[in-house]
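*Asks:* Using only what follows, build the 3D model:
(one chain, ligands or ions: 1)
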Amino acid sequence: MKAIRKAVLPVAGLGTRVLPATKVIPKEMLPVFDRPAIQYVVDEARAAGIEHFVFVTGRNKGAIEDYFDTAFELEATLEAKKKTAILEEVACTKPVPGSMSFVRQQAPLGLGHAIWCAREIIGDEPFAILLPDVLVQARPSCLAQMVETYMETGGNIIAVEAVPESEVDKYGVIDPASRDGNRLRMNGMVEKPPVGKAPSNLAITGRYILQGKIFEYLADQAAGAGGEIQLTDAMARLMQTQDFHAVEYDGVSYDCGSKLGYLRASLAYALKDGALGDEARAVAQAVLDAAG
Ligand code: G1P
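*Replies:* Got it, this is the predicted structure:
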């Protein structure tokens with residue numbers, strides 16, 4: 001069984017649902033409590049054993065690359081001022097040299113196309129995909145739970161979670177065939193089905209472990225829902241030829257592609273913070289009380 005060493009993080013999206021905040025800042029760099037959203041996703045992947053990160057970026061996303069680089073002036077200043085604790089926090093954001101690659105998606109043709117743009121760097125090995133719009137609070141991390149399953153089953157794995165029937169049209173949705181604990185086999189999957197026409201209410205969470213074969217399907221995948229090349233459509237084809245499981249992971253997800261999603265995630269991560277959690281709770285309560 002080949003280990004999952006590489007992950008693709010598609011970050012080319014414009015972030016239109018969080019404008020004007022994202023006019024000059026990539027949405028992945030917006031803070032969720034005390035760090036950019038992307039940091040949580042990288043940490044989740046690291047906790048699952050990922051060693052190499054492939055960011056699929058676009059124009060105006062340079063801040064992401066800079067964030068993971070050395071900030072020489074900042075670090076030198078903190079060192080000179082003996083601000084060791086802050087310096088350590090900054091140092092934690094830095095990856096192992098050479099462990100991040102950046103490739104551009106030159107046109108917004110869909111998630112499937114974004115993933116396909118990473119094919120040369122991934123090569124022919126199983127890899128993970130983490131959609132940075134989705135943050136998952138889970139222990140072990142969501143991807144780590146999937147890797148655990150993968151080590152037993154091999155093949156391809158997606159994370160799924162139950163969503164309200166009225167919201168299935170926002171997601172890729174699976175058609176479950178059978179269940180063994182939290183593992184499901186599927187008859188198929190469909191991207192953004194209309195409410196009332198979905199095969200289930202089990203939505204794809206934005207975490208994937210896929211075999212390199214997916215790139216062959218993505219290469220000629222026709223545009224699907226929303227006129228975009230959909231990863232879900234390519235996975236539905238891959239499922240016909242390879243082993244494929246869905247894992248109903250244990251944890252809570254936050255949609256950071258929307259304003260209220262950010263607010264919810266910020267609050268949740270603040271409340272869980274080891275050092276500031278209690279004070280954060282008091283702050284949240286005081287704000288609610290003052291608002292009446
Ligand atoms: C994408 C995927 C979808 C998945 C969702 C999770 O949709 O295409 O299958 O359920 O992420 O957030 P998007 O949110 O990019 O429209």
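
*Asks:* Let me know how buried residue 55 is, in neighbour terms.
*Replies:* 24 (other C-beta atoms under 10 Å). In this view, the C-beta of every residue, glycine as well, is placed from N, C-alpha and C.

*Asks:* all strands of the stretch 101-250 of the chain, in order?
*Replies:* Per DSSP state E, counting those that start in this stretch, the stretch 101-250 of the chain carries strands over the ranges 127-130, 134-137, 156-162, 172-180, 183-191, 202-210, 244-248.

*Asks:* Kindly report the residues of the chain close to the ligand.
*Replies:* Contacts of the chain with the ligand, taken as C-beta under 6 Å from any ligand atom, map to 111, 131, 133-134, 171-172, 191, 203-204, 206, 231-232, 257.

*Asks:* Of those residues, which pair is most distant in space?
*Replies:* 232 and 257 (16.5 Å; C-beta to C-beta).

*Asks:* Buried deepest among the strands of the stretch 101-250 of the chain, which one?
*Replies:* strand 127-130 (a mean of 27; mean count of other C-beta atoms under 10 Å).

*Asks:* ok, that one: who's next to it in the sheet?
*Replies:* strand 6-10 (parallel), strand 202-210 (antiparallel) (DSSP bridges).

*Asks:* Tell me which residue in the stretch 151-292 of the chain sits closest to the ligand.
*Replies:* residue 172 (2.5 Å; C-beta to the nearest ligand atom).

*Asks:* hang on, the earlier thing: kindly reformat the residues of the chain next to the ligand as TSV containing pLDDT and distance to residue 17.
*Replies:* Formatted as TSV, the residues of the chain next to the ligand follow (pLDDT from 0 to 100; distance: C-beta to C-beta, whole Å):
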residue	pLDDT	distance to residue 17
111	97	15
131	98	14
133	93	9
134	96	13
171	97	15
172	98	18
191	97	18
203	98	17
204	98	19
206	97	15
231	97	19
232	98	20
257	85	5
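
*Asks:* what's the residue nearest to residue 144 when sequence neighbours are not counted sitting at in phi/psi?
*Replies:* Spatial nearest neighbour of residue 144, excluding adjacent residues (C-beta to C-beta, 6 or more residues apart in numbering): residue 48 at 4.1 Å. When read as degrees, to the nearest 10, the backbone of residue 48 gives phi -100, psi 10.

*Asks:* Correct me if wrong: residue 48 contacts residue 151.
*Replies:* No. Contact criterion C-beta atoms under 8 Å: residue 48 and residue 151 do not qualify, at 11.1 Å.

*Asks:* Just want to know which of the two has more residues nearby.
*Replies:* Between residue 48 and residue 151, counting by other C-beta under 10 Å, residue 48 is the more crowded of the two (23 against 11).

*Asks:* Can you show me the helices along this protein?
*Replies:* Here the chain has its helices, by DSSP state H, at 37-47, 62-67, 72-80, 84-91, 111-116, 119-122, 142-153, 214-219, 231-238, 259-272, 277-291.

*Asks:* Dump the C-alpha coordinates for the shortest one into PDB.
*Replies:* This points to helix 119-122. Taking C-alpha atoms only, helix 119-122 is exported to PDB below (Å, rounded to 0.1, in the frame of the first residue of the first chain):
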ATOM      1  CA  ARG A 119      -1.100  16.300 -12.300                       C
ATOM      2  CA  GLU A 120       2.600  16.800 -13.200                       C
ATOM      3  CA  ILE A 121       3.600  17.400  -9.600                       C
ATOM      4  CA  ILE A 122       1.600  14.500  -8.100                       C
END
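
*Asks:* and that helix, what other elements does it pack with?
*Replies:* Contact analysis of helix 119-122 by 3 or more C-beta pairs under 8 Å, 6 or more residues apart in numbering; DSSP states H and E lists strand 6-10, strand 100-104, helix 214-219 as its packing neighbours.

*Asks:* What's the mean pLDDT across the longest one?
*Replies:* The average pLDDT for helix 214-219 rounds to 96.

*Asks:* what's in contact with it?
*Replies:* Applying C-beta atoms under 8 Å, 6 or more residues apart in numbering, the external contacts of helix 214-219 come out as 112-113, 115-116, 119, 122, 156, 229, 231, 234-235, 237-238.

*Asks:* for residue 159, which residues make a bridge with it?
*Replies:* Bridge pairing for residue 159 - DSSP bridges - gives residue 247.

*Asks:* Report the contact partners of it.
*Replies:* Residue 159 neighbours (C-beta under 8 Å, 6+ apart): 136, 142-143, 145-146, 204-208, 246-249.
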